[in-house]
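A.B. asks: what's the 3D shape of this:
(2 chains)
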Protein chains: 2
Amino acid sequence: MIHTNGVATVSAPEDLRTEVRAPVGVALSKVYRVRAEIDTMLDELRPGDRVPAERELAGRFGVARETVRHALRDLAVEGRIRRQGRGTVLARPKVVRPLAPESAGEEAAGVVRRLLSWEDGIADAEVARDLDLPPRTPIMTLERLLFADGDPIALERIDLSLDRFGWLRAAFDPLGSLATTIGDSGVEYAGATERIETVLAAPREAGLLRCRPAVPLFRVVRRGIDTQGRPIERVAALYRGDRVAFEVRTGGRGR
Amino acid sequence: MIHTNGVATVSAPEDLRTEVRAPVGVALSKVYRVRAEIDTMLDELRPGDRVPAERELAGRFGVARETVRHALRDLAVEGRIRRQGRGTVLARPKVVRPLAPESAGEEAAGVVRRLLSWEDGIADAEVARDLDLPPRTPIMTLERLLFADGDPIALERIDLSLDRFGWLRAAFDPLGSLATTIGDSGVEYAGATERIETVLAAPREAGLLRCRPAVPLFRVVRRGIDTQGRPIERVAALYRGDRVAFEVRTGGRGR
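C.D. replies: Numbering: from 1, shown residues only, chains lettered A, B, ... in the order given. Have a look, this model is predicted:
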């Protein structure tokens, strides 16, 4: 441990110091420096305020327009800014969603669902495993788009056993809460398992979510479990990483 | 609702059908089709098995090598395959991490920590807010790298009040559990709030995590709270999206 002017530093092991100096292109470092400078500049703006033009930023930071363009693209992927018309504006703060997504208060946050499709089919290997069903069991699949402030933020695909939940076709308002409708039928939810990954949007998904295919998405796969430990439904949802953050609270007194 | 051969379909609203046909480049659709075909082909392989060469895949799918290269790049970003020497192999399954990260069982999963730095400093506005401290309060900042199977999977930065936790310098083994050391001192954890976002790696982070700057990362900011509701520590961790998935269990009987 080295003490210098009251600063205690434990140095990185030798092989890690080498990593810090790993070959990263000069151009990329410049993009990152410019991105950090623009990021600081954005602190002065409010959502919807116009971001200065590429040409102006290039002049201000003394770099090529191409460098500014890369920096702005990264800031857009992260959801800090967004294109609007021919210009760029400061984005709204991310929509914060609780885990589990089907929890109370979600509708209060202004999330609206729209049904895309509702089809019968056959469980593939992954869906069969997650639902504890024999391979090739008949299932129902619902697809819904979730909107916040009029923007699509998520695409969810819900798989259910047709044998067990075929009655939902008559009973379920697809704009409502699936968990509530199933719960009202006497099936008791005991918990859920959720798995969160990052993926890149496929073209159809990017089209539905109105984002560029390069935007990273959260993929959240949730399995609801009843009191006998039997899976109820499998929900595989894709959330736009530039518009959504998740929040988890553990323990009794977190605030 | 349209019934065709026993398939019930609810059509998308008109404006959404337009979205499905949103202008997405033909080349991109071809990349996605090839990616899906390679993905299916990969099901036959085991982790570490060699993926056929670009030239061979281009011939098999009847597309340009450039198309195959794009598809392989996307599969690498998603963590399905990885470069090894001059070739490409099937990647290992993702490391699955529970939320909260500091929970029991983590070390059992083979996660090893390495200290990068331990410095005194001054809380910036964000850290001060998260720790409920006045702006510019003295803090300690620890940086650690987390490894699984010898690969760096996360970079975590821990901020603590210097006044309250300065004693950790003498007492804490930085390879051990911070929560355990703090808990042993009589501070009682009551819960935590975690916020999860997607970001792109900055050059230094990409160097430390040995990933390309284009790989999406999870950014997880966790605030541990004591029984009086006071924040204990703020941990801002970056996890490689190509190597890590998170799992959350809610309710008592999830499995």
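A.B. asks: Every contact and neighbour count from this point should use C-alpha atoms.
C.D. replies: OK.
A.B. asks: For the lengthiest helix in chain A, which helices and strands make contact with it?
C.D. replies: Ranked by number of residues, the top helix in chain A under DSSP state H is helix A:26-42. Packing contacts for helix A:26-42, counted by 3 or more Cα pairs under 8 Å, 6 or more residues apart in numbering or on different chains; DSSP states H and E, involve helix A:65-77, helix B:203-209.
A.B. asks: Please point out which parts of the shortest one sit buried.
C.D. replies: Residues of helix B:203-209 classed as buried by neighbour count (16 or more other Cα atoms under 10 Å in any protein chain shown): B:203, B:204, B:205, B:206, B:207, B:208, B:209.
A.B. asks: Flag every residue of the stretch 101-250 of chain A that's near chain B.
C.D. replies: The interface of the stretch 101-250 of chain A toward chain B, taken as Cα under 8 Å from any Cα of the partner chain, is made up of A:115-121, A:190-200, A:202-204, A:207-208, A:210, A:216-218, A:224-225, A:227, A:229, A:241-242, A:244-250.
A.B. asks: Can I get the buried part of those as one PyMOL selection?
C.D. replies: Applying 16+ other Cα under 10 Å to those leaves a buried subset, and the PyMOL line that selects it is:
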select buried, chain A and resi 115+116+117+118+119+120+121+190+191+192+193+194+195+196+197+198+199+200+202+203+204+207+208+210+216+217+218+224+225+241+242+244+245+246+247+248+249+250
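A.B. asks: Tell me which of the residues of the stretch 101-250 of chain A next to chain B fall in strands.
C.D. replies: Judged by DSSP state E, strands contain the following of these: A:115-121, A:190-200, A:216-218, A:224-225, A:244-250.
A.B. asks: Not counting residues beside it along the chain, what's closest to residue A:192?
C.D. replies: With Cα to Cα, 6 or more residues apart in numbering or on different chains as the measure, residue A:224 is the residue that lies nearest to residue A:192, at 4.3 Å, once sequence neighbours are left out.
A.B. asks: ok, that neighbour touching residue A:195?
C.D. replies: No. Shown here, residue A:224 and residue A:195 do not form a contact pair, counting by Cα atoms under 8 Å, at 12.0 Å.
A.B. asks: circling back to that earlier point, need the helices and strands packed on helix A:26-42 in CSV (columns: mean pLDDT).
C.D. replies: Formatted as CSV, the entries for those read as follows, by pLDDT from 0 to 100:
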stretch, mean pLDDT
helix A:65-77, 91
helix B:203-209, 91
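A.B. asks: Quick one: these as CSV, columns for distance to residue A:128 too.
C.D. replies: Compiled in CSV, the helices and strands packed on helix A:26-42 are given as follows (distance: least, Cα to Cα, whole Å):
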stretch, distance to residue A:128
helix A:65-77, 34
helix B:203-209, 36
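A.B. asks: got the contact list for the spatially closest residue to residue A:99 that is not a sequence neighbour?
C.D. replies: Once flanking residues are discounted, residue A:99 sits nearest to residue A:248: 5.8 Å by Cα to Cα, 6+ apart. If a contact means Cα atoms under 8 Å, 6 or more residues apart in numbering or on different chains, then residue A:248 has A:98, A:99, B:193, B:194, B:195 as its contacts.
A.B. asks: Kindly reformat the residues you listed as TSV containing pLDDT and distance to residue B:184.
C.D. replies: Compiled in TSV, the contacts of residue A:248 are given as follows (pLDDT from 0 to 100; distance: Cα to Cα, whole Å):
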residue	pLDDT	distance to residue B:184
A:98	76	31
A:99	74	30
B:193	89	21
B:194	90	23
B:195	91	26
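A.B. asks: Out of those residues, which is nearest to residue A:51?
C.D. replies: Distances from the contacts of residue A:248 to residue A:51 were compared by Cα to Cα; the smallest belongs to residue B:195, at 26.9 Å.
A.B. asks: Quickly list the domain ranges of chain A.
C.D. replies: For chain A, automatic domain parsing gives the domain ranges A:2-90, A:95-247.
A.B. asks: Need the winner for burial among those.
C.D. replies: Burial of these is given as mean neighbour count (mean count of other Cα atoms under 10 Å in any protein chain shown); domain A:95-247 ranks first at a mean of 19.
A.B. asks: chain center to that domain, what's the gap?
C.D. replies: In this view, domain A:95-247 has its centroid 13 Å away from the chain centroid, taken as Cα atoms, centre = their mean, to the nearest Å.
A.B. asks: So what pairs up with residue A:158 in the strands?
C.D. replies: residue A:142, residue A:235 (DSSP bridges).
A.B. asks: Was I right to think it contacts residue A:145?
C.D. replies: No. When contacts are counted by Cα under 8 Å, residue A:158 is not listed as touching residue A:145 (11.4 Å).
A.B. asks: Stretch A:166-174 spans what distance, first to last residue?
C.D. replies: Criterion Cα to Cα, to the nearest Å; first-to-last residue distance in stretch A:166-174 is 14 Å.
A.B. asks: quick one: residue A:194 and residue B:99 touch, right?
C.D. replies: No. Contact between residue A:194 and residue B:99 fails when scored by Cα under 8 Å: they sit 10.3 Å apart.
A.B. asks: picking that back up, what's the least confident stretch among the domains of chain A?
C.D. replies: The stretch with the lowest mean pLDDT among the domains of chain A is domain A:2-90, at a mean of 76.
A.B. asks: Which single residue of the stretch 51-200 of chain A ends up nearest chain B?
C.D. replies: The shortest separation between the stretch 51-200 of chain A and chain B is 3.9 Å, found at residue A:191 (distances taken as Cα to the nearest Cα).
A.B. asks: Bridged to that residue, which residues?
C.D. replies: When bridges are taken as DSSP bridges, the partners of residue A:191 come out as residue A:225, residue B:251.
A.B. asks: wait, doesn't it sit right on residue A:226?
C.D. replies: Yes. Contact criterion Cα under 8 Å: residue A:191 and residue A:226 qualify, at 7.1 Å.
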